[in-house]
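1. Have a look; sequence and predicted model below, questions after that.
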Amino acid sequence: MCCLAGALGYSSRVVDLNSDLGEGFGIWRLGDDEALLSVVTSANVACGFHAGDPSTMRRVCAAAVAHGVVVGAQVGYRDLAGFGRRRIDYDPGELTDDILYQIAALDGFCRITGTRVRYVKPHGALYNTTVTDERQAAAVVRAVREYDATLPILGLPGSALLRLAAEAGIPGVPEGFVDRAYTPAGTLVPRSAQGAVLTSATQVEEQAVRLATEGMVVAVDGSVIPMPVRSLCVHGDTPDAVRLARRVRDALERAGAPVSPFVSP
């Protein structure tokens, strides 16, 4: 995994800062979307399958436009009860159709609020599954290719998803996580494991700066592994996410890594 990541190369220090937004449902709110939109440069908006609903999608799209933030479709498994964090063994054709449905739904709200879906990012268990599962990764790539092959796909460096996207001529954006622990193989530590989510502001800042300026990350065993990235994610449901995001952005700018979206709004 780490060797594949290193093969992607690493050059630019300009980095995008993204966050998962619109993850409430009905009367339930998760995270402070408005506050995060004042900090991040890209918004991964839930499309109603793992979280979100039509009114939430419309509200977040409108707020993103007001803040000049790029909107991306965060597509996931049809799993509201599990927040999309439980793997589902989909028929590839059905998975492609579910992803198409989600992209198109969010794009409708983008259009009426003055923007468009500008990229696609899998959520939760789907994201992790597409690191190694060729069938599900191919289903995601097919959906993006059929809807709009110019839309970049965010994914883990070295993943099957980014490799298949490149083979299909779809831009791939390698992504790092400032608030998640990494295994020595370059994958994310499962959320079920202790220490999988980083909550120390100092630790989160250090990981963000190292990812942005060195293209490296320190794994849980202390090893340093290549992790070249173009976008950094701070999860909207991480405790104290807004404060962490602000500290990350400030730390990046102090380190000479200006924050800018990887695609125009």
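-> Looks like it arrived, so ask away.
2. which helix is the longest one in the chain?
-> Ranked by residue count, the top helix of the chain under DSSP state H comes out as helix 92-113.
3. And for stretch 179-198, what's in contact with it?
-> Stretch 179-198 has contacts (C-beta atoms under 8 Å, 6 or more residues apart in numbering) with 1-2, 4-5, 85, 128, 131, 156-158, 177-178, 199, 204, 207, 217-221, 223, 225-227, 233-235, 238, 241, 244. Any C-beta I mention is one placed from the backbone N, CA and C, and that applies to glycine too.
4. These in strands, which ones?
-> Of these, the ones assigned to strands by DSSP state E are Phe177, Val217, Val218, Ile225, Pro226, Cys233.
5. Enumerate every residue touching the first one.
-> Residues in contact with Phe177, defined by C-beta under 8 Å, 6+ apart, are Leu188, Leu232, Cys233, His235.
6. Kindly recompute the last result at 6 Å.
-> If a contact means C-beta atoms under 6 Å, 6 or more residues apart in numbering, then Phe177 has Cys233 as its contacts.
7. From Tyr119, how far off is it?
-> 17 Å (C-beta to C-beta, to the nearest Å).
8. cool, and the fourth one?
-> Noted for Ile225: a distance of 25 Å to Tyr119, by C-beta to C-beta.
9. So for the two, which sits in the more crowded spot?
-> Tyr119 (25 against 21; other C-beta atoms under 10 Å).
10. Do you have the helices of the chain handy? List them.
-> Counting by DSSP H, the helices of the chain are 2-7, 33-37, 54-67, 92-113, 124-129, 134-148, 160-167, 201-214, 241-254.
11. Single out the most deeply packed of those.
-> helix 124-129 (a mean of 23; mean count of other C-beta atoms under 10 Å).
12. Need the residues that contact it.
-> By C-beta under 6 Å, 6+ apart, helix 124-129 touches Gly76, Tyr77, Gly84, Arg85, Arg86, Arg87, Gln136.
13. Same check on stretch 215-225?
-> By C-beta under 6 Å, 6+ apart, stretch 215-225 touches Cys2, Tyr10, Ala181, Tyr182, Thr183, Pro184, Gly186, Arg210, Leu211, Met227, Pro228.
14. before we move on, what about stretch 202-212?
-> Against stretch 202-212 from outside (C-beta under 6 Å, 6+ apart): 15, 176, 178-179, 198, 216-217, 227, 229, 232, 244, 247-248, 251-252, 255, 257.
15. sorry, back to before: determine which two of the contacts of stretch 215-225 are furthest apart.
-> Tyr10 and Ala181 (21.0 Å; C-beta to C-beta).
16. Look up how far Ala165 lies from the closest residue to His67 other than its chain neighbours.
-> Distances taken as C-beta to C-beta, 6 or more residues apart in numbering put Leu37 closest to His67, at 4.4 Å, once the chain neighbours are dropped. According to C-beta to C-beta, Leu37 stands 27 Å off from Ala165.
17. same thing with Gln203?
-> Counting by C-beta to C-beta - Gln203 and Ala165 are separated by 31 Å.
18. Thr238 too?
-> Separation of Thr238 from Ala165 (C-beta to C-beta) stands at 27 Å.
19. ditto for Arg85
-> 23 Å.
20. try Pro261
-> Taking C-beta to C-beta, one finds Pro261 at 19 Å from Ala165.
21. do the same with Asp221
-> Asp221 is 30 Å from Ala165, by C-beta to C-beta.
22. can you check Gly52 too?
-> Taking C-beta to C-beta, one finds Gly52 at 24 Å from Ala165.
23. So which residues make contact with stretch 42-50?
-> In contact with stretch 42-50 (C-beta under 6 Å, 6+ apart) are residues 16, 18, 20-23, 52, 60, 64, 69-76, 78-79, 83-84, 102, 105-106, 121, 123, 261.
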